[in-house]
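Asks: task: produce atomic coordinates for the following.
(one chain, ligands or ions: 2)
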Amino acid sequence: MSERVSIIVPTRNEAENIEPLVRQIFENLTPHEIIFVDGDSSDGTRDVVHRLSASAPIKLLAQDRHPPGLAAAIMAGARAAEGGTLVVMDADLSHPPERINDLLGPLAANEADMVVGSRYIKGGSTSGWPLWRKILSRGGAAIAYPLTGVHDAMCGFFAIRRARLLEISPPTVGFKIAFETIIRARSTMRIREVPIQFRDRERGKSKMSFGIALRFFGRWLAAVFHRLAK
Ligand SMILES: Nc1nc2c(ncn2[C@@H]2O[C@H](COP(=O)(O)OP(=O)(O)OP(=O)(O)O)[C@@H](O)[C@H]2O)c(=O)[nH]1
Ligand SMILES: [Mg+2]
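Replies: Ligands and ions are numbered 1, 2, ... in the order given. Presented below is the predicted three-dimensional model:
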């Protein structure tokens, strides 16, 4: 891929995951940069990123908790990125770095405008989750499908051109920036899903909560009403 790739990784208390993630990314490609957008970590995440930045194209974008959460962090990373192509992924190794090139392929070939790593198409999977988490995730994906036409709009692993994402400028109130992006721009974008085998986080704590799930439901309702009102 000739265009420069910026990888954006939102973090909150992921200190133990940063080094293995960076190593696995570099085993698969040489990005222009990896931008860690840290939301108020207290476990030394920023120190690890800072240390690694001395010897690799790794940057830290430090944010206070006050701009609200994950979606805002990703958009701040997108604005700061130097690459024309962005890959967004979690820090906890749930999103397989060995599939990054598969996300980039359809963009490079100009066959898609956004490529989403999908757990819920043939070849995709989740592992290690308790039943309640599976039901929540599957349920969210299922109710999003009629609005998005995408089987896993809730996934946080995707690639898109930077200019396109900034132009769409999805609202940053939610936790799920891919969902907000697709809702805004579905009719003008070619979206491709590639299967991923999602791994459960091995280290660090989950930030997923009932409150976040409830907030997603609110965003979903807003999208439904918006669609009906059109
Ligand atoms: N900058 C920033 N990053 C966040 C925030 N909340 C979560 N993250 C990061 O966003 C990614 C997704 O959060 P996770 O806790 O893994 O959420 P999840 O994948 O739904 O849940 P688990 O995998 O079960 O933990 C991780 O890399 C987190 O560190 C936030 O408020 N700000
Ligand atoms: Mg995770």
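
Asks: CA atoms for contacts and neighbours, from now on please.
Replies: Will do.

Asks: now do the SS call for the spatially most central residue of the chain.
Replies: The centre of the chain sits closest to Gly156, judged by CA atoms, centre = their mean, with a distance of 2.9 Å. Using DSSP: H, G, I helix; E, B strand; the rest coil, the structure places Gly156 in coil.

Asks: how close does it get to Ser125?
Replies: Separation of Gly156 from Ser125 (CA to CA, to the nearest Å) stands at 15 Å.

Asks: phi and psi next, for Ser125.
Replies: Backbone geometry at Ser125, expressed as degrees, to the nearest 10, gives phi -160, psi 160.

Asks: quick one: contacts for it?
Replies: Remark: with contacts taken as CA atoms under 8 Å, 6 or more residues apart in numbering, Ser125 is in contact with 119, 195-198.

Asks: secondary structure and pLDDT added to these, as CSV?
Replies: Below are the contacts of Ser125 laid out as CSV (DSSP: H, G, I helix; E, B strand; the rest coil; pLDDT from 0 to 100):
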residue, secondary structure, pLDDT
Arg119, coil, 97
Pro195, strand, 98
Ile196, coil, 97
Gln197, strand, 96
Phe198, strand, 95
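
Asks: from these, which two are the most distant?
Replies: Pro195 and Phe198 (9.3 Å; CA to CA).

Asks: quick check: neighbours shared by these two?
Replies: 119, 124-125.

Asks: now the lengthiest helix in the chain: average pLDDT?
Replies: Secondary structure assigned by DSSP state H gives helix 210-229 as the longest helix of the chain. Computed over helix 210-229, the mean pLDDT rounds to 87.

Asks: thanks again, I'm all set now.
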